[in-house]
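turn this into a model:
(one chain, ligands or ions: 2)
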Amino acid sequence: MKKLLLIFLENLFANSQLNRLPESYGGGRIFSNPIIGISKGDDPVFDKFKEVAAPRHMTPAEMWLASRLPEETNLPSKLRIISIVCPFTSEIREESMKAKVMPAEIYCIGRNYANAFKIDVMKQVIRFFQQKDFLATAGMLSEAFDIYSGFLSTWSERHIAFAAGLGTFSLHEGFISELGCNIRLCSVITNAPLEVTPRKSNDPYSNCLYYAKGTCRKCEEKCPAKAISENGHDKLKCWTYGRKVEAEMNALLGSILKPHWRRVRGEVREQKPPVGCAFCQYGVPCMDKNPMAYEK
Ligand code: SF4
Ligand code: SF4
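Ligands and ions are numbered 1, 2, ... in the order given. Below is the predicted model:
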């Protein structure tokens, strides 16, 4: 069924109008083909996320029940969590590498349009399982998803991707998959008995050249906000620069951007359309690959 799911996703990514830039920006794809990884609901790593990600981060079984899906004996062991890596296209990456002070318009639009596409991907994957008589839900779409205390949330797609063996964290606090860090992530929980993807390493930073070998730090050079240093990523500096980018690019791109809603502290709020920043992801060794796969 994993193979069928991947074919389903490849068709969706190829044919969905939601995965397209507007015609005035060439009408090309936002994301190239995805990869997926699958974790099991009773993996002890999900309990660990309450310590390392956020105290209110939910296990897949907690999210399942919060989404009003049925309890059953040994529920965690019956759940599978599919994490989906959506890589930005080389067209968007090439334009973004030329940007200097503000990100490339094509990236800002792609990053903004990506939200509606990701929501559709999760809904369609849920339907894929329902049509095969299984149940499914998505943490990001659940009423139990919440952002609280500034940067903490009840469901972190990067942590879900780590659990699913898709890659690791990094100096710039992105997620380095085999298709690089210039990606977006989404996930679906199901009771379909899919084969689990083994993690290559339990080291949460093993794909980053800095943490693995003490080299690189190219993301630090690229960040205009000086939000990255040998001590890691400063969320507040990054957030502050992100608001500057958002104000300027929203003024420039205006109505071409799609509106955006998010659940924050229990309330669904309309937010200024997000447009990203991501200078730290472009023109760096981890942009489009796992750089450690090329190290001896
Ligand atoms: S640019 Fe280098 S140091 Fe920064 S996250 Fe990527 S691999 Fe790690
Ligand atoms: S997103 Fe922008 S501000 Fe934040 S770390 Fe990356 S380059 Fe710096």
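
every contact and neighbour count from this point should use C-alpha atoms.
Fine.

contact residues of this protein facing ligand 2?
Counting by Cα under 6 Å from any ligand atom, the chain comes close to ligand 2 at 172, 223-225, 227-228, 238, 241-242, 277-280.

hmm, try it at 8 Å
172-173, 219-220, 222-228, 233-235, 237-242, 276-281 (Cα under 8 Å from any ligand atom).

and what about Ala14, helix, strand or coil?
helix (DSSP: H, G, I helix; E, B strand; the rest coil).

hmm, Leu257 is touching Tyr113, no?
Yes: assessed by Cα atoms under 8 Å, Leu257 is found in contact with Tyr113 at 7.4 Å.

need the nearest residue in space to the residue of the stretch 51-200 of the chain found nearest ligand 2, chain neighbours excluded.
Across the stretch 51-200 of the chain, the shortest distance to ligand 2 (Cα to the nearest ligand atom) belongs to His172, at 5.9 Å. Leaving aside its chain neighbours, His172 sits nearest to His233 (5.6 Å; criterion: Cα to Cα, 6 or more residues apart in numbering).

and what of Ser32?
Thr89 (5.2 Å).

which residues of the protein fall in helices?
2-15, 45-52, 60-66, 75-78, 90-98, 105-130, 157-163, 209-213, 218-222, 235-253 (DSSP state H).

to Asn33, which of these lies closest?
Ranking the helices of the chain by proximity to Asn33 (Cα to Cα) places helix 2-15 first, at 5.8 Å.

next one: the one residue sitting closest to the centre of the chain, what pLDDT does it get?
Nearest to the mean C-alpha position of the chain, counting by Cα atoms, centre = their mean, stands Leu185 at 2.4 Å. pLDDT recorded at Leu185 is 98.

tell me the contacts of it?
83-86, 118, 157-158, 161 (Cα atoms under 8 Å, 6 or more residues apart in numbering).

just the residues you listed now: which is nearest Leu209?
Nearest to Leu209 among the contacts of Leu185, with distances taken as Cα to Cα, is Arg158, at 18.3 Å.

so how far is Arg29 from the closest one?
Distance from Arg158 to Arg29, counting by Cα to Cα, to the nearest Å: 23 Å.

now do Met58
Distance from Met58 to Arg29, by Cα to Cα: 33 Å.

ok, now Val264?
Distance from Val264 to Arg29, by Cα to Cα: 30 Å.

burial of the residue nearest to the residue nearest to the centre of the chain when sequence neighbours are not counted, as a residue count?
Excluding its sequence neighbours, the residue lying closest to Leu185 (Cα to Cα, 6+ apart) is Val85, at 5.0 Å. Residues lying near Val85 (other Cα atoms under 10 Å) number 29.

look up the residues forming beta bridges with Val85.
Ile35, Leu185 (DSSP bridges).

name all residues that make contact with it.
34-36, 177, 183-186.

quick one on the thing from earlier: quick check: the residue nearest to His172 touching Gly174?
No: between His233 and Gly174 there is no contact under Cα under 8 Å: 9.5 Å.

of these two, give the one with the bigger neighbour count.
Gly174 (21 against 18).

any idea of the pLDDT on the more buried one?
On the pLDDT scale, Gly174 gets 95.

likewise Pro273?
The per-residue pLDDT of Pro273 was computed as 79.

surely it touches Ile256?
No: using Cα under 8 Å, Pro273 is not in contact with Ile256, being 10.2 Å away.

between those two, who's got more neighbours?
Taking other Cα under 10 Å, Pro273 and Ile256 do not tie; Pro273 has more neighbours (23 against 13).

which residues touch the more buried one?
Here Pro273 is in contact with 112, 246, 250, 257-260 (Cα under 8 Å, 6+ apart).

swap in 10 Å and give it another go.
Shown in contact with Pro273 (Cα atoms under 10 Å, 6 or more residues apart in numbering): 108-109, 111-113, 115, 246-247, 249-250, 254-255, 257-261.

can I get the buried part of these as one PyMOL selection?
The following PyMOL line selects those of the contacts of Pro273 that are buried, judged by 16 or more other Cα atoms under 10 Å:
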select buried, resi 108+109+111+112+113+115+246+249+250+257
